[in-house]
Structures are given as structure tokens and as C-alpha cells.
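**Q** Here's a sequence, model it:
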Amino acid sequence: MAISIRYSKHNIKFRYPFTISKGTKTHQPSLLVELNFNGIKGYGEAPAIAYYNIPVEKMIEDIEAKKAFIEKFSFTHPDRYWHYLHHLFPQNPFLVAALDIAAWDVFGKLKQQPLYRLWNTNMATAPVTDYTIAIDSVDRMVEKMKEKPWPVYKIKLGTKEDITIMEMLRKHSDAVFRVDANAGWKLEEALEILPVLQALNVELVEQPLAKDDWEGMKVLHEKSPLPLFADESCVSETDVKKCQGFFHGINIKLTKCSGITPALRMINEAKQLGLKVMLGCMNESTVGSAAIVHLAPQVDCLDADGPLLQEEDLATGLRYDFGKITPTTAPGLGVELITQL
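**A** Next up is the predicted model:
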């Protein structure tokens, strides 16, 4: 029997304006999809990120243009469906990700297993998630950190005050600090700031330089006292090998790489190349975050705090406890919608 699809557009409000080196937003636009296969419903989500130029409207336009093709596929396994979708929407990895996540949710329900068990992993071995402190005034960043006691913080940088910010935050917490520059530094700045961050007991730094500054990254990789993780420089499967010798690890984001199916392959390839692996979020609700969490036992670092940063949610199914995230033991993603499609 064929698949049927439904979808809805959402604009999820942040608790605080979310600022990174690329700009500020107050809401997270997101597409929620439902795949119905023989009465079994699976859910997926794709947030829209302005600097990737795939708005929710484009995802909806692509669904409508090829809806008959999405629905006529004879579903047996998410891998096959992903390959089909990947060729159907070669320019829209965000939409493919939402559909792939929904397909895995369906598959888990067909097998009556939560996804992490399908992959023979144990949630007890999953790393804790960090909690993101977005760019703000130093005082406000300290305030946000105090408001949310957490074992690991991801600090967004890429300003003229980066060293001041980090020194001030460190005065107020002995938690693990990670830094995400979102490509906000030049090589000279990075060479200057990295030893300071090491002295402040920072664990790792994400995307210090522009995504295509491979020459700069080669130098930084050789000289950095801290592990450097690729984010904007590692979007899809073809980027994993490129990062070897330029970064110490990669950040895999399901929305960017086009779903769970390629993420599983990226995790394996990175490990074979000796790269550390972080799973990152793009401010998904619990639907998209659950997909990340089920993969968490397979990686070294986790950044899945989307639902904590938002005032509203699209589903239930994750429990956060001082960094530790626990999904339900229900099959598939284990989420239940609290919003209307």
C-alpha cells in the first residue's frame, strides 16, 4: 500500500532572541511532516535556516510539485526510501531530512522498537547535551547561564568581545565550556584566541574560520591547542573525507546532511578516519530533536537543546535532566504530537 503525506508550517518562538555571528532571530520556522503507511504514522521535521536558502515555503512547494511521487513509493526500508527521495529532491536536503526522519519513525513502529534499539545501542551510553548560550551582552549571557545550571555549555562567539565574554563566563561557572564561532574569526584572530580559550578550560571549538578557508584551517589544525570541529564546512556525506587533516572532528546535523540515513553513514566514515563526532541541532522541536537523540549513543558529543531554547514545542517524548536526555521506550522516535497538522 502507498504512503500518504500531510504537513504543516510552524513558527516556534525562542525564549530569548537567538543571536550568532550570522545574525539574530526570535522565531524558528519549521516544517512538520507526517507519513502514513498502512495506518502507521511517522513524523519528521525540518527547520528552515536563512543562510542555507531553503525556506519552509520552498519545502512545501517541492512537496506539492512531486506529491504523487512521494506517495507512490513501495515502502520497505528507510534506506531505499532515502535514495529515492535524494534523487527526487536533489536540491532540497532539508525536505529529504524531514521525510527520512518520518520514514524511520514508521519503520521503528513497524518493528515495534525505539530507533536506538533497532541500531543495537544503549541510551545509557549517550553523551550529555550541551546548553547553548547565544551572543548577547556579557551580563545577559552570565544571567542566562545562571538561570540554567548545566554540566556543559556551548558559547556562541564571533564578536569583538569574545575573550572578555569567556573570561566573565568562566568566573561564574566551572562547567565544561564549548565554543562555537560560526565561522566568525580570521586565522590571525583564531591563533590569538585559542590559547586563551585553552587556559579557560574550553573543551573544543566549532567552525573557527569561514567554511571554505581550507588553507587557514590547515594552519589552525596544526597549531591549535584545542580540538576543532567542522560545522559549516561539513554539510553532507561528501564533506567528511575533506575534513581529515583540517579538523579534529565533525558536527553532523540531520537537516543539513538530509536525514538519519546519511548521518549513520557519516558517523561510521568519520570514525574510520579518526575524526570525533558531534551530533548538532538546528533548533528543532522535540520531533527533530528525538531523531538526534536516538543516534546519540553512537557519537562523542551532543548538542540537542532545541526544545530547551523555545517557548513552545510540537511534541512530547524527551526528558531533559541536567544534560542527560532520555527518549521514551515507545517504538520509532517515541514522540506524540501536541500540535495540529
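**Q** pull the longest strand from this protein.
**A** Criterion DSSP state E: the longest strand present in the chain is strand 3-20.
**Q** Can you give the distance of that strand from its chain's centre?
**A** Relative to its chain's centre, strand 3-20 lies at 14 Å (C-alpha atoms, centre = their mean, to the nearest Å).
**Q** Parallel or antiparallel, list what pairs with the helix or strand following it.
**A** As assigned by DSSP states H and E, the chain's next helix or strand after strand 3-20 is strand 23-37. The sheet places strand 23-37 alongside strand 3-20 (antiparallel), strand 40-47 (antiparallel), with pairing taken from DSSP bridges.
**Q** Give me whichever of the ones you listed is most buried.
**A** For the strands paired with strand 23-37, ranked by mean neighbour count under the definition mean count of other C-beta atoms under 10 Å, the leader is strand 40-47 at a mean of 25. Any C-beta I mention is one placed from the backbone N, CA and C, and that applies to glycine too.
**Q** low-scoring pLDDT stretches of the stretch 1-150 of the chain, where are they?
**A** For the stretch 1-150 of the chain, the stretches flagged by pLDDT under 70 are 1.
**Q** Helices of that one, residue ranges please.
**A** 56-65, 67-72, 78-88, 93-111, 115-118, 138-147 (DSSP state H, counting those that start in this stretch).
**Q** Determine which stretch of those is the most buried.
**A** Greatest burial across the helices of the stretch 1-150 of the chain, using mean count of other C-beta under 10 Å, falls to helix 93-111, with a mean of 27.
**Q** then that one to PDB, C-alphas only?
**A** The C-alpha coordinates for helix 93-111 follow below in PDB (Å, rounded to 0.1, in the frame of the first residue of the first chain):
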ATOM      1  CA  PRO A  93      18.200  18.200   1.600                       C
ATOM      2  CA  PHE A  94      16.100  19.800   4.300                       C
ATOM      3  CA  LEU A  95      12.900  18.300   2.900                       C
ATOM      4  CA  VAL A  96      14.600  15.000   2.400                       C
ATOM      5  CA  ALA A  97      15.700  15.000   6.000                       C
ATOM      6  CA  ALA A  98      12.100  15.600   7.300                       C
ATOM      7  CA  LEU A  99      10.800  12.800   5.100                       C
ATOM      8  CA  ASP A 100      13.600  10.400   6.100                       C
ATOM      9  CA  ILE A 101      13.100  11.000   9.800                       C
ATOM     10  CA  ALA A 102       9.400  10.300   9.400                       C
ATOM     11  CA  ALA A 103      10.200   7.100   7.400                       C
ATOM     12  CA  TRP A 104      12.500   5.900  10.300                       C
ATOM     13  CA  ASP A 105       9.700   6.700  12.700                       C
ATOM     14  CA  VAL A 106       7.300   4.500  10.600                       C
ATOM     15  CA  PHE A 107      10.000   1.800  10.400                       C
ATOM     16  CA  GLY A 108      10.600   1.700  14.100                       C
ATOM     17  CA  LYS A 109       6.800   1.400  14.700                       C
ATOM     18  CA  LEU A 110       6.600  -1.500  12.100                       C
ATOM     19  CA  LYS A 111       9.400  -3.300  14.000                       C
END
